[in-house]
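In: Output the structure for:
(2 chains)
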There are 2 protein chains.
Amino acid sequence: MKHKISVFEKTIEKAIKGVLKDFQPKTLFAPAEYVLSLGGKRLRPLLTLMAADLFGKNAEEVINAALAIELFHNFSLVHDDLMDNADLRRGYPTVHKKWSESSAILSGDVLVIEAYKYIARTPARVLPDVLDLFSNTAMEICKGQQYDMDFEQRFDVTEEEYIEMIRLKTAVLIGCALKIGAIIAGASAGDADLLYEFGINIGLAFQLKDDLLDVYGDPETFGKKIGGDILCNKKTFLLIKSLKNVDDEQRKELYKWLTATEYDPVAKIRFVKNIYAGLNLKFVVENLIEKYYLASLNCLSSINVPDDRKKDLIALSENLMYREK
Amino acid sequence: MKHKISVFEKTIEKAIKGVLKDFQPKTLFAPAEYVLSLGGKRLRPLLTLMAADLFGKNAEEVINAALAIELFHNFSLVHDDLMDNADLRRGYPTVHKKWSESSAILSGDVLVIEAYKYIARTPARVLPDVLDLFSNTAMEICKGQQYDMDFEQRFDVTEEEYIEMIRLKTAVLIGCALKIGAIIAGASAGDADLLYEFGINIGLAFQLKDDLLDVYGDPETFGKKIGGDILCNKKTFLLIKSLKNVDDEQRKELYKWLTATEYDPVAKIRFVKNIYAGLNLKFVVENLIEKYYLASLNCLSSINVPDDRKKDLIALSENLMYREK
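Out: The predicted structure is shown next:
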């Protein structure tokens, strides 16, 4: 399994090197090439290749669609980082910091247009279906980002709203990456839908794991500072659950930290982590991750393909659940 | 002809009212609906309908493609206005002024995604061709915007560079609007290309006319302040020609006005208009417009359709050339 995945990963890296290469003018395309070159897990294109493999098709048949997904993902990172005013992405300066806000806007735009150019190379027989799924997913991701920003102004976000937000912002692109691979590989509509649902559950678990790592990860392994979500009052599942379940006295204190404009960051992180500990929230979220993980396995097991073929996807998702970075 | 065009215009207005209607959340879609509701000439979708009509097809067969073009056009306006820090669009506050920069970024993003959803409704037999043309055009428009921004920092832009910039930023979408109508209507490849070239020439003439109106238009009729391009040192054909052809003494004086951070706007406009007058530039640009207009008619005359059918397009482009707003 490791061998196959590493072959897929090499195929993806090689293909990405050709994307937007030698496009002119450099003022426009250098920022787009830069963000693509920063790497990351390349999880989404990998899933497209693995989905095709599940139904017996080679990487070459879905590589363009896989690149389209990765291009779209990078488009959303560039625009989101600008909207969120983030300084770093994968340890490097974000596009609007390294170049300018206009650069981030326009290089994001060319990334999404290039994504559509790659998705347009889908075989004509399934092009309308793939295009529909791709655009619907793209629209959902924008909605997810809007909800995420809207939540910043609110203290009454519910658990259901949070799960819906991360479904839109994170999970649907994982589902889409898998389903497009399945569609191009000629899977039945039922199997393609099951793989999509597998992806949604994996995506939800993945984001919840991300929220946990941001608080409980090892800064060395995780590769970024711990407590970032706490410092910017991000309405994660942990904070939402806290705002709902703490007693009145603690809530007052918590509000004070959330609304303070000047504070000691170490003390704020310590205080919020104490609240989480008091409510046993690490355990609660770990259970929730487990729930989504089991639901994903359930979807996978119903897919009409010999179990032997499913091993790689199971191993990969297990790695995602129990990762430390 | 007037009757037919006004029927087409009503068809477009009616169809646009349904776009993004009732989409949620409102924080995301209200800005997109707002910019679509501001109107404008709706020139591009009108051209798609007229192109289909030229080859004997009804508006209904191309209305989705026409909406896609108009959505894309509005996407580029929202992002360009943000990058150019423009306060007003069609006399109303721009999206980033009325809402926020994040709103302008994200509502622009949903406009371009929705554009692709409409273009995806193209009949399957021509979908790959239409999609290619649409994405290539979209990419060219981004390049045009980048050149336009790059030119802000330069005083040595050549006439050829300027024409190439407005070809990319303005003309290709007019060519694309026409050609997509032709392709869906079943025109031959040769005729579709001729109509595209017709559009490119009309587009160049259209933008040059815009540059002239910005200096010599009647503020009442034109609907915006005169001299805006002069005040922001926009590298129009007029200014480029001036920088090249003035004598050394005038050039020194012109640079002084272009680099001044504090000045009397009325005096700056008067000075620059004097330079234009000394070089007879209004006449020069009018001749250039005429040249592109004649080239466009030349393309149209070669299209393999009875002359009688071409009257509407000729009348419309004549109106565009001799418009006062």
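In: Around chain B, which positions in the stretch 101-250 of chain A sit nearby?
Out: A:101-102, A:105-106, A:108-110, A:112-114, A:116-117, A:120, A:124, A:127-128, A:131-132, A:135-136, A:138-139, A:142-143, A:145-147, A:149-150 (Cβ under 8 Å from any Cβ of the partner chain). (C-beta placed from N, C-alpha, C; glycine too.)
In: what about the residue nearest to A:Leu258 when sequence neighbours are not counted, neighbour count?
Out: In this structure, A:Leu258 finds its nearest non-sequential neighbour in A:Asn233, 5.2 Å apart by Cβ to Cβ, 6 or more residues apart in numbering or on different chains. Residues lying near A:Asn233 (other Cβ atoms under 10 Å in any protein chain shown) number 16.
In: How about A:Asp247?
Out: 8.
In: and it, backbone torsions?
Out: Backbone geometry at A:Asp247, expressed as degrees, to the nearest 10, gives phi -80, psi 170.
In: Next up, the contacts around it.
Out: Taking Cβ atoms under 8 Å, 6 or more residues apart in numbering or on different chains as the contact definition, A:Asp247 lies against nothing.
In: now swap in A:Leu47 and tell me
Out: Neighbouring residues of A:Leu47 by Cβ under 8 Å, 6+ apart: A:Ile174, A:Ala177, A:Leu178, A:Gly181, A:Gly199, A:Leu316.
In: returning to what we had before: element containing the residue nearest to A:Leu258?
Out: Here A:Asn233, judged by DSSP states H and E, is contained in no helix and no strand.
In: correct me, but it touches A:Leu243?
Out: No: under the criterion of Cβ atoms under 8 Å, A:Asn233 is not in contact with A:Leu243, lying 10.5 Å apart.
In: all helices for the stretch 1-150 of chain A, in order.
Out: Taking DSSP state H, counting those that start in this stretch as the criterion, the stretch 1-150 of chain A contains helices spanning A:2-17, A:26-37, A:43-54, A:63-83, A:95-98, A:101-119, A:127-152.
In: The helix or strand encompassing A:Ile180 versus helix A:127-152: what angle between them?
Out: A:Ile180 is part of helix A:172-184 when elements are defined by DSSP H and E. Helix A:172-184 and helix A:127-152 are oriented at 170 degrees to each other (axes from the mean of the first three to the mean of the last three Cα atoms, to 10 degrees).
In: A:Phe155 - that's part of a helix, no?
Out: No: using DSSP: H, G, I helix; E, B strand; the rest coil, the assignment for A:Phe155 is coil, not a helix.
In: A:Lys244 and A:Asp193, how far apart?
Out: Distance, A:Lys244 to A:Asp193, using Cβ to Cβ, to the nearest Å: 33 Å.
In: Need the residue closest to the centroid of chain A.
Out: A:Thr170 (4.1 Å; Cα atoms, centre = their mean).
In: pLDDT wise, what is it at?
Out: Note on A:Thr170: pLDDT of 97.
In: Which other helices and strands does the least confident helix or strand in chain A by mean pLDDT contact?
Out: When the helices and strands of chain A are compared on mean pLDDT, DSSP states H and E, helix A:219-222 comes out lowest with a mean of 75. Helices and strands touching helix A:219-222, as assessed by 3 or more Cβ pairs under 8 Å, 6 or more residues apart in numbering or on different chains; DSSP states H and E, are absent.
In: Give me the distance between whichever helix or strand comes after that helix and the centre of its chain.
Out: Sequence order places helix A:228-231 as the next helix or strand after helix A:219-222, per DSSP H and E. Taking the mean of its C-alpha atoms, helix A:228-231 sits 18 Å from the chain's own mean (Cα atoms, centre = their mean, to the nearest Å).
In: Can I get helix A:228-231 in CSV, CA atoms only?
Out: Extracted in CSV, the C-alpha atoms of helix A:228-231 (Å, rounded to 0.1, in the frame of the first residue of the first chain):
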residue,chain,number,x,y,z
GLY,A,228,-3.6,29.8,17.1
ASP,A,229,-7.4,29.0,17.0
ILE,A,230,-7.7,30.0,20.6
LEU,A,231,-5.9,33.3,20.2
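In: Can you give me the buried ones in stretch A:58-66?
Out: With burial defined by 16 or more other Cβ atoms under 10 Å in any protein chain shown, the residues of stretch A:58-66 counted as buried are A:Ala59, A:Glu61, A:Val62, A:Ile63, A:Asn64, A:Ala65, A:Ala66.
In: Which of these sits closest to chain B?
Out: Nearest to chain B out of the buried residues of stretch A:58-66 is A:Asn64 (Cβ to the nearest Cβ; 12.8 Å).
In: my guess is that closest one contacts A:Tyr118, does it?
Out: Yes: using Cβ under 8 Å, A:Asn64 is in contact with A:Tyr118, at 4.8 Å.
In: Next, count neighbours for the closest residue to chain B within the stretch 151-300 of chain A.
Out: Sorted by distance to chain B under Cβ to the nearest Cβ, the residues of the stretch 151-300 of chain A start with A:Gln153, at 9.9 Å. Neighbour count of A:Gln153, defined by other Cβ under 10 Å: 9.
In: and if you look at A:Pro128?
Out: 16.
In: Pull the contacting residues for the closest residue to it other than its chain neighbours.
Out: In space, and not counting its chain neighbours, A:Pro128 is closest to B:Ala124: 6.1 Å by Cβ to Cβ, 6+ apart. By Cβ under 8 Å, 6+ apart, B:Ala124 lies in contact with A:Ala124, A:Leu127, A:Pro128.
In: Okay then, goodbye and thanks.
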